[in-house]
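Enquirer: Everything below, folded, please.
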Amino acid sequence: MTLENLVLLLHSALVNSESSIIQNQRIFSGQLTKTEAYKRYGRSNVDRWVKEGLLKITNRKIDRTSIEAIAASSNRRSYLPTLERQ
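Expert: Numbering: from 1, shown residues only. Below you'll find the model as predicted:
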């Protein structure tokens, strides 16, 4: 096992254990308010994800796991150049 493989294995274990602890202990609720999402990810990003259909808002709440996955995927293909934004 190389050092890179070991680092990736430990990182994966840490991320998986962290998310399971958060879910089991209910440290964070499973949903964010729209205001919290705006503060954390930026208003323009959240509005763009909703407009593109990547993110669904129900009763002014957003699913925490889905918005974290969308933010982590860094979907830069959908950004428009300045001239095309209007």
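
Enquirer: so where's the protein shaky on pLDDT?
Expert: 16, 18-29, 74-86 (pLDDT under 70).

Enquirer: Which of the three states applies to residue 55?
Expert: Classification of residue 55 using DSSP: H, G, I helix; E, B strand; the rest coil returns coil.

Enquirer: Which residues are in contact with it?
Expert: 46, 49, 62, 66-67, 70 (CB atoms under 8 Å, 6 or more residues apart in numbering). Using the backbone N, CA and C atoms, a C-beta is placed for each residue, glycine as well.

Enquirer: do the same with residue 33
Expert: Neighbouring residues of residue 33 by CB under 8 Å, 6+ apart: 60-62.

Enquirer: Which one of these is nearest to residue 40?
Expert: Closest approach between these and residue 40, by CB to CB: residue 62, at 10.2 Å.

Enquirer: and the closest one, that's in a strand?
Expert: Yes: under three-state DSSP, residue 62 falls within a strand.

Enquirer: from what I can see it touches residue 30, true?
Expert: No: taking CB atoms under 8 Å as the definition, residue 62 is not a contact partner of residue 30, at 10.1 Å.

Enquirer: on that earlier part again, now render the contacts of residue 55 as a markdown table, adding neighbour count.
Expert: Converted to a markdown table, these look like this (neighbours: other CB atoms under 10 Å):
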| residue | neighbour count |
| --- | --- |
| 46 | 22 |
| 49 | 22 |
| 62 | 21 |
| 66 | 15 |
| 67 | 22 |
| 70 | 19 |
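
Enquirer: which among those residues gets closest to residue 11?
Expert: Residue 11 lies nearest to residue 70 out of the contacts of residue 55, by CB to CB, at 20.6 Å.

Enquirer: Now that closest one: phi and psi?
Expert: Backbone geometry at residue 70, expressed as degrees, to the nearest 10, gives phi -70, psi -40.
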